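Enquirer: Structural data only, the sequence is not supplied:
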């Protein structure tokens, strides 16, 4: 990125304020139990963690919404929770982030999803999950789709499908959500689940990581940019998407975009940063990508902004978000060190 590119990004970021982005997908509470380890348990060969703090943050699609709000836009979070204490805790957390819980569907047979991570000395020791995706009712999915349709009619400017495979996004709701969005010419962005990969036909952009991309195409993973280039073209041909962004960890990202009858690829390298935690990095990528695109950026500009945001969030411990100021600071720093 040069000075002209930074000026353009600054103009796009200034347009984030007030933009309405619908986030449709699986949400979960991310709990963190942090402490220190001084000894091994005499009961079993496991570390004894002396707890020093506990916290809870929004995870899954709710983290996508938090990222959008942190960037200055207005997320409409559409998801399903239970009728339990965890759901009440969720609503309080969303309120602190300025996110309305108006489109959260409550299903009494579906316990709110919780993921608890035990972290000692900046290292995750264990994670345990509370979830029963099969308990989500058809009525809850139907109500969520009705909420999405209402937000499309109200003028949302992009739709993000945040698929964690926890019950909301199944074949019927995926097809319905895409169809109703494209009918109104609203761009659709997908953070995919491998088992649903080939259902995301015709969307504006899908953002798998390398393993998800190979897995979604039922192919054996291969290393190297040449393999990624071939894979990207196969995915665009299979799914008929407008674009594809394969995230490649420390190797950056590669954007594939239709250009008439051909496909053009753009590799976006990452900058060396100290990685503390990749939890939620995909949420940051898709939220930044969709919002930047909705604010008038080209696919290349949106992918570049998403790359900057990813580099910021992996330097933070735990599920985290990025502000518009941090995004611009990262771009400015890139220019200085390029």
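Expert: All right, it came through fine. Given the structure is predicted, the values throughout are model-derived calculations rather than measurements.

Enquirer: The residue of the chain most remote from its centre and residue 48, how far apart?
Expert: Seen from the C-alpha centroid of the chain, the residue lying at the greatest distance (C-alpha atoms, centre = their mean) is residue 42, 40.7 Å away. Residue 42 is 9 Å from residue 48, where distance means C-beta to C-beta, to the nearest Å. Bear in mind the C-beta positions are built from the backbone N, C-alpha and C, glycine included.

Enquirer: doesn't the residue farthest from the centre of the chain fall inside a strand?
Expert: No. Counting by DSSP: H, G, I helix; E, B strand; the rest coil, residue 42 is not part of a strand but coil.

Enquirer: Tell me the backbone dihedrals of it, please.
Expert: In this entry, residue 42 is assigned phi and psi values of phi -70, psi -10 (degrees, to the nearest 10).

Enquirer: What ranges does this protein have for its strands?
Expert: For the chain, the strands defined by DSSP state E occupy 20-25, 27-40, 47-60, 74-81, 104-106, 114-120, 123-130, 158-162, 188-191, 205-206, 243-247, 253-259, 262-268.

Enquirer: Make a markdown table out of the ones you listed and add distance to residue 4.
Expert: Output for these, formatted as a markdown table (distance: least, C-beta to C-beta, whole Å):
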| stretch | distance to residue 4 |
| --- | --- |
| strand 20-25 | 27 |
| strand 27-40 | 39 |
| strand 47-60 | 36 |
| strand 74-81 | 29 |
| strand 104-106 | 42 |
| strand 114-120 | 42 |
| strand 123-130 | 42 |
| strand 158-162 | 26 |
| strand 188-191 | 26 |
| strand 205-206 | 24 |
| strand 243-247 | 23 |
| strand 253-259 | 20 |
| strand 262-268 | 17 |
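
Enquirer: want to try TSV for those, with mean pLDDT as columns?
Expert: Output for these, formatted as TSV (pLDDT from 0 to 100):
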stretch	mean pLDDT
strand 20-25	97
strand 27-40	94
strand 47-60	94
strand 74-81	97
strand 104-106	96
strand 114-120	94
strand 123-130	92
strand 158-162	97
strand 188-191	96
strand 205-206	96
strand 243-247	94
strand 253-259	92
strand 262-268	91
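
Enquirer: Adding distance to residue 232 and mean neighbour count, write these out as a markdown table.
Expert: Shown next, in a markdown table, are those (distance: least, C-beta to C-beta, whole Å; neighbours: other C-beta atoms under 10 Å):
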| stretch | distance to residue 232 | mean neighbour count |
| --- | --- | --- |
| strand 20-25 | 24 | 28 |
| strand 27-40 | 29 | 17 |
| strand 47-60 | 26 | 16 |
| strand 74-81 | 29 | 26 |
| strand 104-106 | 35 | 19 |
| strand 114-120 | 31 | 19 |
| strand 123-130 | 31 | 12 |
| strand 158-162 | 20 | 29 |
| strand 188-191 | 15 | 28 |
| strand 205-206 | 11 | 27 |
| strand 243-247 | 6 | 26 |
| strand 253-259 | 4 | 20 |
| strand 262-268 | 6 | 15 |
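
Enquirer: For residue 231, find the nearest of the ones you listed.
Expert: Nearest to residue 231, of all these, is strand 243-247, at 7.3 Å by C-beta to C-beta.

Enquirer: Show me what the closest one is packed against.
Expert: With contacts taken as 3 or more C-beta pairs under 8 Å, 6 or more residues apart in numbering; DSSP states H and E, strand 243-247 sits against strand 205-206, helix 210-216, helix 225-239, strand 253-259, helix 281-294, helix 299-313.

Enquirer: Out of these, flag the one nearest residue 334.
Expert: Nearest of the helices and strands packed on strand 243-247 to residue 334, taken as C-beta to C-beta: helix 299-313 at 7.1 Å.

Enquirer: chain center to the closest one: distance?
Expert: Counting by C-alpha atoms, centre = their mean, to the nearest Å, helix 299-313 is centred 12 Å from the centre of its parent chain.

Enquirer: Could you list the buried residues of it?
Expert: Buried residues in helix 299-313, defined by neighbour count with 16 or more other C-beta atoms under 10 Å: 299, 301-313.

Enquirer: picking up where we left off before, nearest to residue 229, out of the strands of the chain?
Expert: strand 262-268 (5.8 Å).

Enquirer: and that closest one with strand 253-259, angle?
Expert: Inter-element angle recorded for strand 262-268 and strand 253-259: 160 degrees (by axes from the mean of the first three to the mean of the last three C-alpha atoms, to 10 degrees).
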